[in-house]
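>>> Sequence plus the predicted model coming up.
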Amino acid sequence: MAEKLALSAHQRQRLRIWIRYTGGSVVAAAVSEVAFLTAYGLGAVPIVASVLAFVSGAVPNYLLNRYWAWQRRGRADRTRETLPYIAIIVVTALVAIGMTTLADIWVREHIDSHSWRTLLVGAAYIGTYGVMFVLKFVLFDRLIFGGRAAGTPATTSRA
């Protein structure tokens, strides 16, 4: 029975990547959410608050994913890593902008308290990233940080 529960070396490596990705995502999400709540709470419209939050979380997210979760070193290949990464996170940001804008419209019509509106629109913002969490992992792993270079985690470009 214990033999069936034991993970292979490959499965242990995948689990370590997943755990590091999750940790990095939590850090980036926290930074992003604080930025969103601060900007929106101070009166910024959802698009401005979402963009500020996106930018504040995107940098730690990239660094934690590349260097810590997937342990990629060396210079990033723009075509195979940087541009696809940017495309994925920009789509995520656009979805978050759409969801926070819709949430803002709804809360303004139904809730008088600015504090509650801020919390609910903030929940829509973080909820969007929560929904995108697994999809982004698969895309990062299959298209960007894993894939063809997965066997050589010490480098990303050929010298």
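On my side now, so go ahead.
>>> residues contacting the residue positioned nearest the centre of the chain?
Nearest to the geometric centre of the chain sits Ser25, at 5.4 Å (Cα atoms, centre = their mean). By Cβ atoms under 8 Å, 6 or more residues apart in numbering, the residues touching Ser25 are Asn61, Leu64, Tyr129, Phe133, Lys136. From N, CA and C alone the C-beta is placed, and that goes for glycine too.
>>> State the three-state secondary structure for it.
helix (DSSP: H, G, I helix; E, B strand; the rest coil).
>>> pLDDT score assigned to it?
In this model, Ser25 is scored at 92, pLDDT.
>>> buried stuff in the strand or helix carrying Ile126?
Using DSSP states H and E, Ile126 sits in helix 114-139. Under the neighbour-count criterion of 16 or more other Cβ atoms under 10 Å, helix 114-139 has 117-118, 120-122, 124-126, 128-129, 132, 136-137, 139 buried.
>>> on that earlier part again, any chance of CSV for the contacts of Ser25, columns distance to Gln13?
Converted to CSV, these look like this (distance: Cβ to Cβ, whole Å):
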residue, distance to Gln13
Asn61, 21
Leu64, 18
Tyr129, 25
Phe133, 20
Lys136, 19
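>>> ok, and what's touching stretch 97-104?
36, 40, 45-47, 49-51, 117, 120-121, 123-125, 127-128.
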